[in-house]
Structure formats: structure tokens, C-alpha cells
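[1] I'd like to go over a predicted model; first the sequence, then the structure.
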Amino acid sequence: MKTSGLLLGAALLLGLVACSGEQAGSGVAPLPKLETLTVTAGGDGSGRSWDGVVEAVRQADLSAQTSGRVTSVEVDVNDAVAAGQVLLRLTAVEQQAGASAARAQLRAAEAMAAEAAANYARYQALAAKQFVSRLQLDQARAARDAAAANRDAARAQLSQAGQQADYTVVRAPFAGIVSARHVEPGESLSPGQPLVAVYSPGALRIEVQVPQSDADSIRTLGSARVVLDDGRALDAAAVVVFPAADPSTHSVGVRITLPDTANPPRPGSTAKVQFPIVEAAGAAAVVHVPQSVVVQRGEVSGVYVIEGNRLSLRQLRLGRRIGDQVEVLAGLKTGEIIASDPVAALQALAAQRKAAEANHD
């Protein structure tokens, strides 16, 4: 249904263009005076640009490191958290039981190690008086060393069991904002299952892929301008060009660090990164026009184009909006003249049509 509606709108628009062009081009009445502007390439003078996505330098997707059931979730999406703050808790019955068992094994291993050490000390004293053989002394030493090794292994097991118990309390790794929550109280979890996501809004960056032919120019200039999805433009704090190209796409990655702002963009939002480099030879010129000159008819966009005494509404294929400018992907070329005020252009077209009908009568 959406496709058929779009085709119908395009057909109506083409009919309007044909009708208006035929009547305006009759030469019966002059076209009323209109404010116009000439289409130029690279209307914003920004050089070349690529689309990217804002991401946080510090972001963490926390997942379960032990099994259990969620007993409580202390935070929700958009909550600000401090470093070390508890985010959620899991049941710890099995983990605590494992820690208690490991603790008991450690006590038994420590007792055996102490006994083996004392026994070796006695054999050592007797060996000095030649009351025991050298073989018996070596056996006592080996028993002491084995008991000490068992004690150390029991300590390691207790540490591991204690760590499993600590995993039942999930804490924020750094101060930030909760961006996602994947669990609810009562859910059973297994290791590796996503829990919550946290990001720090203080440091943001964008990574884009550029052709190899442009990488050296971007590296030499070391500057970029970022246009956010809300129209704001920011100068990049740092530009880092990766030293190697991607063998699958033959493109080079560029990392742009955003400056600190009072209202930083949200991670995941789109942005356009502009580099002040010259267009490659033979590349198609990028045309931009003010958003105010664009006429919207349903899903069809267009502008009023002036050709001598003829005024027509031409359909356009638009790209991204950059501030108060919009990128024209198809429908206009440099040097063409368009009406600055679509309302005045529509009124002028109606007046010209009315005058043509009066002269015809």
C-alpha cells in the first residue's frame, strides 16, 4: 500500500509539473518577479563527508558471570550510576555453599600442612643424630612439600568460590548512565546472559570508513567537522586515521573524537563527518539547497525551478539534512535557478495561469 501511494503521488506530481510547464511556457503572460537563488555544488563548502554513528569511548555491556535467579534490579534505563554502585543482585545459595565447602577444605589442608611440617622438623633433628636414614628424611620432606601444595590449592579454590559469590552482586564498572536493561526480578540466568549496559557520556567518538585515496589527505589535515542529527555542528577534538586498510572493503578507518559539550549527543545517534578535502577528480558534485525552498507533497519532495519565463515544480531525491541545508542526490544540477519562497512561487504560478486563461478568452 505504501508503494502504490508513493507511485500515485509521483504521478500526480508529474502531472502538475507538465501542466504548469505547458501553461507557464506559453509566453502569454510574464512570470511575476520572484526571489531566486542559483544552485551551486557543495553548498556548505564542507569538502567531502561520510555518515557515522556516535559511540561512547567508555561503554560496557555487563553479562552474568555465574548462574542464579535475579532477586532485585536496582536501576533502570537512563539512571545515572556511580562507580561501584550495585546494579542488580542474584541468589547466592549455591555460591555461598561452595565457598563454605572450600573454606572447610582449606582448614583441613592447613592442618595437614602444619602436621607435615612438624613431622619433617622432628625427622631433621633425628637425622642430625643419625637416628633416621637419609631416605626417611627425604620422604618427610616430600610429605611436607605435598601438604603445603595441597594447602595452596585449597586457598585458590576458596578464592575462586568467593569470587563466584561476589558475581551474584553486579556493580557499575564506572560512573555513567544505564542505556539498556535486559532482565527482570525472578528470571533465571546462566553465565554469559546480558544484564545491563552502561556508558559514560563524557567521552564520545565516531568511526567512519573512507576510501584509501582520501586517507592521506585526511591524515595530513587532521581536522574534521561533525554535523549532528539535530543540526548542530561541532569541530572534532581529535582525528586519528588508522594505519592499515581493511582487506575486505579496501577502506581506511578514521576515528573522530567529539569535544565536550553541555548537551552531548546520545550514543547510537547518526552524524555526518565532514573533512575539508577537495573532491576527487571526476566525482559527482554534491548539491545542497536550503530546507526552506523544498516543497513537500506527501512523500514526494520538490523545488520550483525557473527556466526563463517558465516555472515548474521538479521532483527531487534528497539525502541527509545538514543544519538548515539538505543534500540533493538527484533532480538538480549546478547553475540552475530555483525559487527561494515556495509559497510565492505557487502564487506566481497561479497568477501566470490565470493571466494565460484571460488572454486565451
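    Here it is on my side, so go on.
[2] What pLDDT is listed against Asp145?
    Reported pLDDT at Asp145 in the predicted model: 92.
[3] Name the helix or strand of this structure that has the lowest mean pLDDT.
    Ranked by mean pLDDT, DSSP states H and E, the weakest helix or strand in the chain is helix 2-24, scoring a mean of 41.
[4] moving C-terminal of that helix, what's the next helix or strand?
    Where DSSP states H and E defines the elements, the next helix or strand beyond helix 2-24 is strand 36-38.
[5] Now find how far off-centre that following strand is within its chain.
    The chain centre lies 38 Å from the centre of strand 36-38; the measure is CA atoms, centre = their mean, to the nearest Å.
[6] tell me which strands and helices whichever helix or strand comes after it is in contact with?
    Note on strand 36-38: by DSSP H and E, the next helix or strand toward the C-terminus is strand 48-56. Helices and strands touching strand 48-56, by 3 or more CB pairs under 8 Å, 6 or more residues apart in numbering; DSSP states H and E, are strand 204-211, strand 270-275. C-beta coordinates here come from the backbone N, C-alpha and C atoms, glycine included.
[7] Could you identify which of these is most buried?
    Mean neighbours per residue, mean count of other CB atoms under 10 Å, is largest over these for strand 270-275, with a mean of 22.
[8] which helices and strands does it pack with?
    By 3+ CB pairs under 8 Å, 6+ apart, strand 270-275 packs against strand 48-56, strand 204-211, helix 212-221, strand 225-228.
[9] any weak-confidence spans in the stretch 201-350 of the chain?
    278-286, 320-324 (pLDDT under 70).
[10] Would you map the helices across this structure?
    Ranges of helices in the chain, per DSSP state H, are 2-24, 93-128, 134-166, 212-221, 342-360.
[11] Reformat the ones you listed as CSV; add distance to Leu195.
    Listed next are those as CSV, based on distance: least, CB to CB, whole Å:
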stretch, distance to Leu195
helix 2-24, 38
helix 93-128, 16
helix 134-166, 15
helix 212-221, 39
helix 342-360, 52
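[12] how about the helices and strands packed on strand 270-275, which one is nearest Glu35?
    strand 225-228 (26.5 Å; CB to CB).
[13] where's that closest one relative to the chain centroid, distance-wise?
    Here strand 225-228 is found 14 Å from its chain centre; the criterion is CA atoms, centre = their mean.
[14] nearest to Gly308, of the helices and strands packed on strand 48-56?
    The nearest among those, by CB to CB, is strand 270-275 at 35.6 Å.
[15] Now do the closest one against strand 204-211, angle only.
    60 degrees (axes from the mean of the first three to the mean of the last three CA atoms, to 10 degrees).
[16] For Ser223, see how far away the closest residue to Gly222 other than its chain neighbours is.
    Take Gly222 and drop its neighbours on the chain: the residue closest to it by CB to CB, 6 or more residues apart in numbering is Val239, 5.3 Å away. Distance of Val239 to Ser223, computed by CB to CB, to the nearest Å: 6 Å.
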